[in-house]
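**Student:** just coords:
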């Protein structure tokens, strides 16, 4: 199958959607499909050979954060050329309502269009403005995919109609086979607890974990906290004062280091406070065999099977977080049980499984192409569907 | 204003209205095409699912009573029920409600015959049984997808046909209002990843 994938966000700064598209494209190529990805990327950014640049991206404040998007006549012309040259059987557009090259490609595409909705921004102003404006373009989408039940609800609420839920994928084996790093493994008296994510982004919830640390130290005075991610940690040091030594800043880490860290630590804490529609990092932690303690956001709750695969605490509540961490640390058998459950179910997020479902969707929109069609005029003057 | 100016204004207004109508009609036409395609796809997927069910029933791996019931339900769904597409007499395929009932019966028969996850483990362990079960799972999933996509398209037609432009100018012509396809399509089938 010839598949064209469109990414609205720039490959200059990889984020969740870009990584999802990269992994999906590589999986589809390995299965023998012809894949081309159209995405914003600067001329000097190193890109994989299946990627076609839609032009440079402009930083735009959109939907609460600054995104690097591309639009304008040059981008439209490039999208047109890409579609013509690719002669795709199916065009798969991610985040189609983001005002970027995806929305442009949607207007131009002649092939059947599949769209994936990643975000679950309920009632955001940007969405409320965007949906009516782009509705005619969205009608061109033959099949809608949402990455989670929450993302699906957003689509249904704003657009009507429906979407099928296909989760984000993870290469489970890459995490499952990661080797622990000696310096990151804990002992019963000095357990290690990991955090992953941008340090100065409040939605990632590091401040909730930091506020919970004093209470955890009362029970486990020698606990160590591994903090991985880019950003400034000075505020956390000053908040902890004398306890600041328990934080070990790892900075930005590579994919291999991330997998190794998750395989090493006693607990992985995900204190996100909102804005998460899926929770890919939880699945990565589950794949690596980490015991997960996460906030009870509905997306996380679903990934953790309502707590069967990990421990849930009340979102944004440091006292609840501290209590849950201590409870998990005190009960190694229960930890082991939930980890085993996580390993048993995590296969449903593996790329082999997820890609199969996505190919099923492609098959559903291309199968009907052979159906006979009547001319527009004939149908208007007396046609029946 | 001279006559020529009036004429220009009138021509301008007519052109704008004309373009709006043309675009509305195009939009509607695209959606109707989408519904035709998705309905054909759904029909084909339902037949595939019934075929997979018949094969499982004929394999001798189910108990005899289940085999007969599944085969009978699948036979009625695949052969005797109304088609969703291709009928010359369109009154026979506008609602699909009879087909929906028959397909739901097949779903119920499969649910009863296959039982819970642990009941399917023995069947999945058999090489031939595992293959047939996987085939049925595959086609059941595709039916669920095809039905969602079809109903999604129908919902959107309903939305656009409710707008004043389409209603006032009868842009939908005599095209019948497409109907969503309702059926129970939920069957739990052990998938290779959850298989222990």
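**Tutor:** Arrived safely, thanks for sending. Computed from a prediction, not measured in an experiment: that's the story for all the values here. Residues are numbered from 1 along each chain as shown, chains lettered A, B, ... in the order given.
**Student:** Now residue A:128: closest residue in space that isn't a chain neighbour?
**Tutor:** In space, and not counting its chain neighbours, residue A:128 is closest to residue A:158: 7.6 Å by Cβ to Cβ, 6 or more residues apart in numbering or on different chains. Every C-beta, even on glycine, is put in place using the N, C-alpha and C of the backbone.
**Student:** Relative to residue A:134, how far out is that neighbour?
**Tutor:** Using Cβ to Cβ, to the nearest Å, one obtains 10 Å as the distance from residue A:158 to residue A:134.
**Student:** go on, residue B:107?
**Tutor:** Distance from residue B:107 to residue A:134, counting by Cβ to Cβ: 36 Å.
**Student:** So between those two, which is more surrounded?
**Tutor:** residue B:107 (21 against 18; other Cβ atoms under 10 Å in any protein chain shown).
**Student:** Which helix or which strand is home to the nearest residue to residue A:145 once chain neighbours are set aside?
**Tutor:** Excluding its sequence neighbours, the residue lying closest to residue A:145 (Cβ to Cβ, 6+ apart) is residue A:116, at 4.5 Å. If you go by DSSP states H and E, residue A:116 is part of strand A:113-117.
**Student:** after that strand, next one along is what?
**Tutor:** Later in the chain than strand A:113-117, the nearest helix or strand by DSSP H and E is helix A:125-138.
**Student:** Summarise which helices and strands that next one is packed against.
**Tutor:** helix A:101-108, helix A:149-159 (3 or more Cβ pairs under 8 Å, 6 or more residues apart in numbering or on different chains; DSSP states H and E).
**Student:** Mind putting these into JSON lines with mean pLDDT?
**Tutor:** What follows is those, written out as JSON lines (pLDDT from 0 to 100):
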{"stretch": "helix A:101-108", "mean pLDDT": "92"}
{"stretch": "helix A:149-159", "mean pLDDT": "85"}
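**Student:** looking at these, which is buried most?
**Tutor:** The highest mean neighbour count among those, using mean count of other Cβ atoms under 10 Å in any protein chain shown, belongs to helix A:101-108: a mean of 23.
**Student:** Show the backbone phi and psi for residue A:205.
**Tutor:** When read as degrees, to the nearest 10, the backbone of residue A:205 gives phi 80, psi 20.
**Student:** Domain-wise, how is chain A divided?
**Tutor:** The record's domain parsing of chain A by automatic domain parsing lists A:2-169+A:351-380, A:173-347.
**Student:** Rounded mean pLDDT for stretch A:230-249, please.
**Tutor:** Regarding stretch A:230-249, the rounded mean pLDDT is 88.
**Student:** Where does the prediction get shaky in the chain?
**Tutor:** Picked chain A for this. A:63-64, A:121-124, A:126-127, A:368-385 (pLDDT under 70).
**Student:** look at chain B instead
**Tutor:** By pLDDT under 70, the low-scoring segments of chain B are B:86-95, B:192-196.
**Student:** Following element in sequence after the lengthiest helix in it, please.
**Tutor:** Determined from DSSP state H, the single longest helix within chain B is helix B:3-58. Toward the C-terminal end, the helix or strand that comes next after helix B:3-58 (DSSP H and E) is helix B:64-75.
**Student:** which other helices and strands contact that following helix?
**Tutor:** So helix B:64-75, by 3+ Cβ pairs under 8 Å, 6+ apart, packs with helix B:3-58, helix B:97-114.
**Student:** Counting neighbours, what do you get for the residue of chain B found nearest chain A?
**Tutor:** Nearest residue of chain B to chain A (Cβ to the nearest Cβ) works out as residue B:37 at 3.0 Å. Close neighbours of residue B:37, defined as other Cβ under 10 Å, add up to 25.
**Student:** again with residue A:241
**Tutor:** Number of residues near residue A:241 (other Cβ under 10 Å) recorded here: 8.
**Student:** Quick one: classify it as helix, strand or coil.
**Tutor:** Classification of residue A:241 by DSSP: H, G, I helix; E, B strand; the rest coil places it in helix.
**Student:** Enumerate the residues of the stretch 51-200 of chain A near chain B.
**Tutor:** A:136, A:139, A:140, A:142, A:143, A:144, A:160, A:161, A:162, A:163, A:164 (Cβ under 8 Å from any Cβ of the partner chain).
**Student:** Give the ChimeraX command for selecting the buried subset of those residues.
**Tutor:** Buried members of these, defined by 16 or more other Cβ atoms under 10 Å in any protein chain shown, are picked up in ChimeraX with:
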select /A:139,140,142,143,144,161,162,163,164
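**Student:** Which members of the residues of the stretch 51-200 of chain A next to chain B occur in strands, if any?
**Tutor:** If you go by DSSP state E, these have A:142, A:143, A:144, A:164 in strands.
**Student:** got JSON lines for those residues, with distance to residue A:285 too?
**Tutor:** Listed next are those as JSON lines, based on distance: Cβ to Cβ, whole Å:
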{"residue": "A:142", "distance to residue A:285": "35"}
{"residue": "A:143", "distance to residue A:285": "31"}
{"residue": "A:144", "distance to residue A:285": "29"}
{"residue": "A:164", "distance to residue A:285": "26"}
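**Student:** count of residues packed around the residue of the stretch 201-350 of chain A found nearest chain B?
**Tutor:** Residue of the stretch 201-350 of chain A nearest chain B, by Cβ to the nearest Cβ: residue A:347 (3.6 Å). Per other Cβ under 10 Å, the neighbour tally for residue A:347 reads 16.
**Student:** Cross-check the contact I'm expecting between it and residue A:171.
**Tutor:** No - with contact taken as Cβ atoms under 8 Å, residue A:347 and residue A:171 are classed as non-touching, separated by 11.8 Å.
**Student:** Quick check: residues of the stretch 201-350 of chain A near chain B?
**Tutor:** For the stretch 201-350 of chain A, the contact set with chain B under Cβ under 8 Å from any Cβ comprises A:344, A:345, A:347, A:348, A:350.
**Student:** Which residues does the strand holding residue A:116 contact?
**Tutor:** A:90-97, A:106, A:138, A:140-147, A:151-152, A:154-155, A:163, A:166, A:361-362, A:365 (Cβ atoms under 8 Å, 6 or more residues apart in numbering or on different chains).
**Student:** likewise stretch A:22-39?
**Tutor:** Under Cβ under 8 Å, 6+ apart, the answer for stretch A:22-39 is A:1-11, A:14, A:18, A:21, A:48, A:50-54, A:78-79, A:82, A:86, A:88, A:101, A:105, A:169, A:171, A:351-352, A:355, A:358-359.
**Student:** Can you flag the buried ones in these?
**Tutor:** Neighbour counting by 16+ other Cβ under 10 Å classes A:3-11, A:18, A:21, A:51-54, A:78-79, A:82, A:86, A:88, A:101, A:105, A:169, A:171, A:351-352, A:355, A:358-359 among these as buried.
**Student:** Which of these fall in helices?
**Tutor:** Among the buried ones among the contacts of stretch A:22-39, the members found in helices (DSSP H) are A:18, A:21, A:78-79, A:82, A:86, A:101, A:105, A:351-352, A:355, A:358-359.
**Student:** Right, I'll leave it there.
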